[in-house]
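Enquirer: Show me how the following folds:
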Amino acid sequence: MEDVVARAPMLGFPELAVGIFVLLFLVWLGVTRPLSAPLRFLFLLLLLRYVLNFFHIFTIVPIAAGQSINALSTILFMVAGVAVLGRKILQLKYLAVFYIFCVLVIISGVLNMQVMGLANTLIRQVLFFSIAVAVFLLPDDDRFNFTVLSKCFVVPLLYQLISLATHQYKATEGDGSVSYIGGYVHEAAFSMIPLALMVLTVANRDISFRTKLLWCSISLVSIILCNYRTALLGALPMFAAFLISSIQVKRQSTTWLIRGGLTASGIAGVAALLMMNQDRFGELLMIADKISLLDKMPSEFTTPERQFLSGRLQLWAGYLHAAAEAKGIHQFIGFGPDSWRGVFEKYAHNMFVSFIYEYGIIGVALTVISMLTMLYYSINALPKYRIVLISLHISYFLLTLSTMPNVNIEGVILYGLMCGLTVRYYAQAKELRSRGMSYAV
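Expert: Numbers count the residues shown, from 1 in each chain. As a prediction, the model looks like this:
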């Protein structure tokens, strides 16, 4: 995605050096501490990959065989995942729909001769499988897992704090608003990091309420400072699930009253935030009235129409018209992975719109089935996780409607964590049911 977006200015080298020292210390901890192989893989992946884009003037420039440091690191992490997890990556039956989608990607890529697009997409898919399977295989000590993985977010949050303190920001959308993202390459990619932190926080029932409140609050503040509208909307279902689940305690104690008060305060705070940004979020209420614009050719859009939703409707119209003109087998398998490059100026900012062009009717159908499958697993997971797991996939669905998490590695990590946690807790519930055992809420 780096080559199709406006990049943020990097922090100065003195500020970056602070994070490097912290990073080296955390890497040393990850290498020397006795961790399980899946946990160590996840720790090093998140820790190192999240830092690379803070140095984007170096990491997105091709250095070998046309590949950048970012691209080479992704290949390295994919290879590491395969080395650590082996054949398990392709043997987790709960991910069967995703495996079928991979077959479609290969067929579409080969028939459309999209060699580079196929290679890049398969690398992201294998990395997604590695993350999901690693989460599935984590030790049963969820409190310890969170303690380890939460450290991966220290450096990104530190850089964001430095950018706020030094007033170094990236201008967004030409509306006068700014994003504080610590010099990360783009706010869309950075926003996936605090979202991932929120996922790990809300889906963990073994950590204390105070710890959850702290990390959820940090995540939400980070997303607000990031100022990426889509990410904030995606965070709301997870944050709401955290607030709702936090008051599910015994009413014999006064704890539920305190948590209930915090829940009401949290809802009021989010409502106030949306009210203060009603100019930006008000457009979302007008989508139903504007949806007919998709019937127009992109060249027929007026200036106000081009500006609506930051130009997304005009962009979607271009993709949908191109997909509608597809003939023969292209209607079913699309024009191949990453085939939008060289045809459209920007990626689609909507996963379904992009997939109908890249993978056709079959691709969109498999995507919907995969999402419904994850929702089914969430509903049938351990009761204490159900509300939270459902919220994860509602959040991801909202993200896919206005951006494409799958085109950057941060988004791949996010969805890998979501799906890994979902199948982990569904499998636990299924095992207990098979033994005829009850489980606590």
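Enquirer: correct me, but residue 170 touches residue 8?
Expert: Yes. With contact defined as C-beta atoms under 8 Å, residue 170 counts as touching residue 8 (3.8 Å). C-beta coordinates here come from the backbone N, C-alpha and C atoms, glycine included.
Enquirer: So what would you say the end-to-end distance of stretch 377-387 is?
Expert: End-to-end distance of stretch 377-387 (C-alpha to C-alpha, to the nearest Å): 12 Å.
Enquirer: what do you get for stretch 340-358?
Expert: End-to-end distance for stretch 340-358: 7 Å, by C-alpha to C-alpha.
Enquirer: So what touches it?
Expert: With C-beta atoms under 8 Å, 6 or more residues apart in numbering as the contact definition, stretch 340-358 has outside contacts at 1, 4, 108, 117, 312, 315-316, 318-320, 322-323, 334-339, 363-364, 367, 400-407.
Enquirer: so where's the stretch 51-200 of the chain uncertain?
Expert: Applying pLDDT under 70 to the stretch 51-200 of the chain flags residues 173-176.
Enquirer: Also the stretch 201-350 of the chain?
Expert: In the stretch 201-350 of the chain, residues with pLDDT under 70: 247-293, 305, 307-310.
Enquirer: cutoff 50 now
Expert: Applying pLDDT under 50 to the stretch 201-350 of the chain flags residues 250-252, 257, 275.
Enquirer: got any residues that touch both of residue 170 and residue 8?
Expert: 179, 181, 186-187.
Enquirer: The residues you listed: which two are farthest apart?
Expert: Spatial extent of the shared contacts of residue 170 and residue 8 (C-beta to C-beta) is set by the pair 179 and 186 at 8.7 Å.
Enquirer: in the stretch 51-200 of the chain, which spans are helices?
Expert: 56-59, 69-85, 96-111, 115-136, 142-149, 154-165, 187-202 (DSSP state H, counting those that start in this stretch).
Enquirer: Redo these as a markdown table? Include mean neighbour count and distance to residue 229.
Expert: Formatted as a markdown table, the helices of the stretch 51-200 of the chain follow (neighbours: other C-beta atoms under 10 Å; distance: least, C-beta to C-beta, whole Å):
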| stretch | mean neighbour count | distance to residue 229 |
| --- | --- | --- |
| helix 56-59 | 16 | 22 |
| helix 69-85 | 18 | 25 |
| helix 96-111 | 18 | 28 |
| helix 115-136 | 22 | 24 |
| helix 142-149 | 17 | 27 |
| helix 154-165 | 20 | 18 |
| helix 187-202 | 27 | 10 |
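Enquirer: Could you point out the longest helix of this protein?
Expert: In the chain, taking DSSP state H as the definition, the longest helix is helix 409-434.
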